[in-house]
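A.B. asks: sequence first, then the predicted structure, then my questions.
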Amino acid sequence: MRLPVVVGVDGSEGSLRALDWAAAEAARSRLPLRIVHASLWEHYEGLRPTADSGRPPEQILAEHLVASARDRVRDLSPGVSVVADVQPEDPVAALVRESHEAALVVLGSRGRGRIAGMLLGSVGLALAGRSHCPVVVIPATPPLAPAEPGRVVVGISDATGPSAAAVFALAQAASRHGELVAVRAWRRPTHEFLSRTPLPGSPASAHRRRAEEHLEEVLGALAERDDSGTVVHRSVTQGPAHQVLIEASEGAELLVVGARRSSGWHGLQLGPVDHAVLHYAPCPVAVVPDTYQG
């Protein structure tokens, strides 16, 4: 069974960019495309069609949105099998449910109505934190410079072994016949800067060496799973992880991060690195749950 690429649409410019990206991804991966519109978006935003056909105005608008989206995909990617669906419920709940049977879920970083002025809409943040499959968030505006074809960047955490994000990123680079850039950020602990006692050797060199060794261990284990011959570049950089990843993603087709979640009174939440790259990365960002099996 080929799981579809699912894309959420709401008629905004951001969702059109997400639709185009999802259609291209489905065509490249030879997967079906499923277009989903959750009609309760329009309740929240106060949009009403003026025509009176005896049907609820939300239904009229929703059906028009998905029909237009389906026609757009058929024009752009005629070889893609595409279906469209209207679901009368909260968009986060609808897309989280879709994520159970999807290869990935795609949406734009900005929606309609009151959330349109935000860098990242509440739907995108909530979905990225709860999805069962990778979520790809498309920036509202295209990058200033074109991306290098096939370039995929992945953040390597301090976890032991290849993460689900690393496995997903390698598969994305291989399917694009491109290259993978594995980024390992490192920082000196604060107490080393504050300590008045001279430490033997060079603390900075020791931290960098450990980061390099860890990266090699992860990539060595990752290579054992891969026979595509994909070129993998290493990048070990000092600095905050979110800043290092945002800078590394310049010119990339895709930035991949893991969903490092923490349980709290308000449920599962993305980590600060995920929040930062979702808001500020110049390219599409894929958030991959640590439980994702691919």
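C.D. replies: Yes, it's here.

A.B. asks: secondary structure element holding R17?
C.D. replies: R17 is part of helix 13-29 when elements are defined by DSSP states H and E.

A.B. asks: scratch that, H275
C.D. replies: Taking DSSP H and E as the criterion, H275 maps to helix 272-280.

A.B. asks: any weak-confidence spans in the stretch 101-250 of the chain?
C.D. replies: Applying pLDDT under 70 to the stretch 101-250 of the chain flags the ranges 110-121, 189-203.

A.B. asks: now for the helix holding H275, which elements pack on it?
C.D. replies: helix 122-130, helix 241-248, strand 254-259, strand 285-289 (3 or more CB pairs under 8 Å, 6 or more residues apart in numbering; DSSP states H and E). C-beta coordinates here come from the backbone N, C-alpha and C atoms, glycine included.

A.B. asks: quick one: buried residues of that helix?
C.D. replies: 273-280 (16 or more other CB atoms under 10 Å).

A.B. asks: and it, how far from the chain's centre?
C.D. replies: 10 Å (CA atoms, centre = their mean, to the nearest Å).

A.B. asks: show me where the stretch 151-294 of the chain has helices.
C.D. replies: For the stretch 151-294 of the chain, the helices defined by DSSP state H, counting those that start in this stretch cover 164-175, 190-194, 203-223, 241-248, 272-280.

A.B. asks: so what are the domain limits for this protein?
C.D. replies: Here the chain is described, according to automatic domain parsing, as comprising the domains 5-138, 151-289.

A.B. asks: any idea which of these is most buried?
C.D. replies: Highest mean neighbour count among the domains of the chain (mean count of other CB atoms under 10 Å): domain 5-138, with a mean of 19.

A.B. asks: related to what we said a few turns ago, got the buried residues of helix 272-280 as a markdown table, with distance to V66 and pLDDT columns?
C.D. replies: Shown next, in a markdown table, are these (distance: CB to CB, whole Å; pLDDT from 0 to 100):
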| residue | distance to V66 | pLDDT |
| --- | --- | --- |
| V273 | 34 | 92 |
| D274 | 29 | 92 |
| H275 | 30 | 90 |
| A276 | 33 | 92 |
| V277 | 30 | 94 |
| L278 | 26 | 92 |
| H279 | 28 | 89 |
| Y280 | 31 | 92 |
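
A.B. asks: distance check, S205 against V105.
C.D. replies: For S205, the distance to V105 equals 42 Å [CB to CB, to the nearest Å].

A.B. asks: R188 too?
C.D. replies: R188 is 38 Å from V105, by CB to CB.

A.B. asks: one step back: in CSV, list the helices of the stretch 151-294 of the chain along with distance to A26.
C.D. replies: As requested, the helices of the stretch 151-294 of the chain are arranged in CSV below (distance: least, CB to CB, whole Å):
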stretch, distance to A26
helix 164-175, 12
helix 190-194, 46
helix 203-223, 26
helix 241-248, 26
helix 272-280, 22
